[in-house]
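> Structure for this input, please:
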Amino acid sequence: MASKMGLAHEAHRHPTLLSDFILGSQDGLVNVLGILLGLVAAGSPHRILVVAALAALAAESISMGAVAYTSTRARRSLYLSEVERERREMQEVPEMEREEVRVILRKWGFEGDEVEDMLRRIEAKPKAWLDLMMAFELNLAEVPAHQPVTSGLTVLGATVAGSLVPLVPFLVGLPPVSAAITSVVLTGAMLIAIGIYEARATVGSWLASGARMLLIGLGAGFAGFLVGKIFGAY
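Okay, the predicted model is just below:
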């Protein structure tokens, strides 16, 4: 119970870290598994299997890390621009902003004099007023200055780690079919583990979460196998 509460607490404090880890690790597992199964199905030599998987690992990891960095940076830029816009509106059209606060307070169940009392309290604290508008009018969460780099590195590292799992059986020199079967088993186990971690860190059934991750991942791998089988036949 204490472990579960600790994971949930960490996920609450660092929700972006959790999503970045799942994004990178799942992407690495699924993509490399699909490539390997497709090449095995097509009858590619062992050397080609390993080189193609390593090339995919390098390209996918850098690409995913870069996308995480640029998308998080864009979210931060959007947040900062909206902060400045809200500040201007609080100064230039304060009554309109007050009415927007009233609308939020009424949604929360405040009525009559309670609304005006709460409005006065919020208006007396400009930062609280601004934070309220950002979170509950615009539905935007603050993106810290370090977050783009942190997200980029987290996704990159998780993608590398995930990509290595299905590749290990091929690196140790197992025959292609045996390596493919072992790769599927290892990847499936990792996908289930990621699903269980997600459920324990947040909410939901660990069984359902693990099964969902497994079906998504192995479904993508099977698609790669089918492509290799079809084109390998020709």
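> Any idea which helix or strand in the chain has the lowest mean pLDDT?
Taking mean pLDDT, DSSP states H and E as the measure, the chain has helix 2-13 as its least confident helix or strand, at a mean of 42.
> Give me the next element, helix or strand, following that helix.
helix 15-41 (DSSP states H and E).
> right, and the helix or strand after that following helix?
Tracing the chain past helix 15-41, the next element assigned as helix or strand by DSSP H and E is helix 46-92.
> Quick one: mean pLDDT for that following helix?
Averaged across helix 46-92, pLDDT comes to 94.
> Taking helix 15-41 as reference, get the angle to it.
Angular relation of helix 46-92 and helix 15-41 on a 0 to 180 degree scale: 150 degrees, by axes from the mean of the first three to the mean of the last three CA atoms, to 10 degrees.
> I'd like to know which elements helix 46-92 is packed against.
Using 3 or more CB pairs under 8 Å, 6 or more residues apart in numbering; DSSP states H and E as the contact criterion, the secondary-structure elements in contact with helix 46-92 are helix 15-41, helix 94-107, helix 126-132, helix 147-171. C-beta here means a position set from N, CA and C on the backbone, and glycine is covered the same way.
> buried set for the first one?
So the one you mean is helix 15-41. Using 16 or more other CB atoms under 10 Å as the burial criterion, the residues of helix 15-41 that qualify are 16, 18-41.
> and Leu130, how many residues sit next to it?
Here the count is done by other CB atoms under 10 Å, and Leu130 has 16 residues near it.
> Kindly report the same for Ser209.
Using other CB under 10 Å: Ser209 sits among 20 other residues.
> Break the protein into its domains for me.
When the chain is parsed with automatic domain parsing, its domains come out as 2-69+147-232, 76-137.
> Of those, flag the one that's most buried.
When neighbours are counted by mean count of other CB atoms under 10 Å, the highest per-stretch mean among those falls to domain 2-69+147-232, a mean of 18.
> Return the distance of that one from the chain's centre.
From the chain centre to the centre of domain 2-69+147-232 is a distance of 13 Å (CA atoms, centre = their mean, to the nearest Å).
> picking that back up, can you add distance to Ala180 and give the helices and strands packed on helix 46-92 back as JSON lines?
Listed next are the helices and strands packed on helix 46-92 as JSON lines, based on distance: least, CB to CB, whole Å:
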{"stretch": "helix 15-41", "distance to Ala180": "5"}
{"stretch": "helix 94-107", "distance to Ala180": "55"}
{"stretch": "helix 126-132", "distance to Ala180": "53"}
{"stretch": "helix 147-171", "distance to Ala180": "8"}
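> Quick one: list the elements packing against the helix or strand containing Tyr197.
Secondary structure from DSSP H and E places Tyr197 in helix 176-201. Using 3+ CB pairs under 8 Å, 6+ apart as the contact test, the elements touching helix 176-201 are helix 2-13, helix 15-41, helix 147-171, helix 206-232.
> and the angle for that helix with helix 206-232?
The directions of helix 176-201 and helix 206-232 differ by 150 degrees, with the same axes, to 10 degrees as the criterion.
> Count the neighbours of Gly138 for me.
Gly isn't right for residue 138; it's Leu. Neighbour number of Leu138 under other CB under 10 Å is 14.
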